[in-house]
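S.K.: Just a sequence and a predicted model for now, questions to come.
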Amino acid sequence: MGGASPSYSEQAYWENRYLETKGPFEWYMGYEELAPLLRRHISRESKIMQAGVGTSMMDFEMARDGYTSILGLDFSEGAIAAMMVAHEQLPGVSYRVADCRDLVDWTSGSFDAIIDKGTLDSALCGDNATENARKMLTECFRVLMPGGLFMLITYGNPEFRLCHLLPAHLDWEVRFLAIQKKDPREEHSSLIFGDLIDPADSKAVQRANQQRENHFVYLCWKHKDAHSESKPLTAPLVDDTKAP
Ligand SMILES: C[S@@+](CC[C@H](N)C(=O)[O-])C[C@H]1O[C@@H](n2cnc3c(N)ncnc32)[C@H](O)[C@@H]1O
């Protein structure tokens, strides 16, 4: 994903894709590689939502690893139908068709953790990118419990992601880290996780912006005293002209 791309932000694109391509598909990296990070930051008892689950095997692997409550959401009916057939017999795993820009079926503060691997990235490809991202993040923030974690796994470096994650109406603490493969020649090489970086550390952010080959994980902890609703949006929307 990235550069001149198909209409990743459109439901019709994904519906067709899941019609044409059956079976699991994992974007960026799988659970085996991400497990150390998830285990460190998300407890196994957490109520977890996977935003834009697609046909990823993450929830299956997480359930096998002891996670007890995972809800996979996607706006593609095809993806959710496939996932229901493949995984829903697993205890603690369930699926729903829903649009992450409008999580009307969930009350505020419903989840301890939300994992987004590639979904904000797809919202940022195509028309109305900034508005789509704003809606998605505002809704994820709302349904997150105070103290809960929104974990974004993305190809987007800080230059192109912090502007979406840091507007004042999202009352959360953001840190990020870069991840790189240990040895790209090995199919199952593990990842090297960088240190957690504070977006206020401009030198570290600058260095991260130069690491174009890496993936990034953004960890956004909703403040414990945050209202479940986001603050009213007073800040102007971020510049729409930056490519994702
Ligand atoms: C790049 S894929 C990532 C799938 C999966 N998370 C993974 O890592 O393999 C993005 C997924 O997000 C879904 N998606 C995109 N925008 C969405 C939205 N607004 N609401 C719900 N799902 C969305 C797409 O249907 C697609 O399955």
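M.R.: Received it, and whenever you're ready, just let me know what you need.

S.K.: Checking the residue in the chain sticking out farthest from the centre next. Helix, strand or coil?
M.R.: The outermost residue of the chain, judged against the average C-alpha position, is residue 185 (26.8 Å), by Cα atoms, centre = their mean. When classified by DSSP: H, G, I helix; E, B strand; the rest coil, residue 185 comes out as coil.

S.K.: Also residue 150?
M.R.: Residue 150 is classified as strand under three-state DSSP.

S.K.: How about it: what's its closest non-neighbour residue?
M.R.: Closest residue to residue 150 apart from its sequence neighbours, by Cβ to Cβ, 6 or more residues apart in numbering: residue 220 at 4.2 Å. Every C-beta, even on glycine, is put in place using the N, C-alpha and C of the backbone.

S.K.: and the residue sitting nearest the centre point of the chain, what is it in contact with?
M.R.: Nearest to the mean C-alpha position of the chain, by Cα atoms, centre = their mean, lies residue 116 at 1.4 Å. With contacts defined as Cβ atoms under 8 Å, 6 or more residues apart in numbering, residue 116 is in contact with 50, 51, 52, 140, 150, 151, 152, 153, 154.

S.K.: burial count for the closest residue in space to the third one that isn't next to it in sequence?
M.R.: Yep, that's residue 52 we're talking about. Of all residues not flanking residue 52 in the chain, residue 119 sits nearest, at 2.8 Å (Cβ to Cβ, 6+ apart). Residue 119: 26 surrounding residues under other Cβ atoms under 10 Å.

S.K.: got it, and the one 10 residues further on?
M.R.: Summarising burial for residue 129: neighbours were counted as other Cβ under 10 Å, giving 19.

S.K.: Residue 24 contacts residue 55, correct?
M.R.: Yes - the pair residue 24 and residue 55 qualifies as a contact (Cβ atoms under 8 Å) at a distance of 5.0 Å.

S.K.: the more surrounded of those two?
M.R.: Per other Cβ under 10 Å, whichever of residue 24 and residue 55 has more neighbours is residue 55, with 23 against 16.

S.K.: How about the contacts made by the more buried one?
M.R.: 18, 23, 24, 25, 79, 82, 83, 86.

S.K.: Name the residues of the worst-scoring helix or strand of the chain on mean pLDDT that are buried.
M.R.: One helix or strand of the chain scores below all others by mean pLDDT, DSSP states H and E: strand 191-193, with a mean of 81. By 16 or more other Cβ atoms under 10 Å, the buried positions in strand 191-193 come out as 191, 193.
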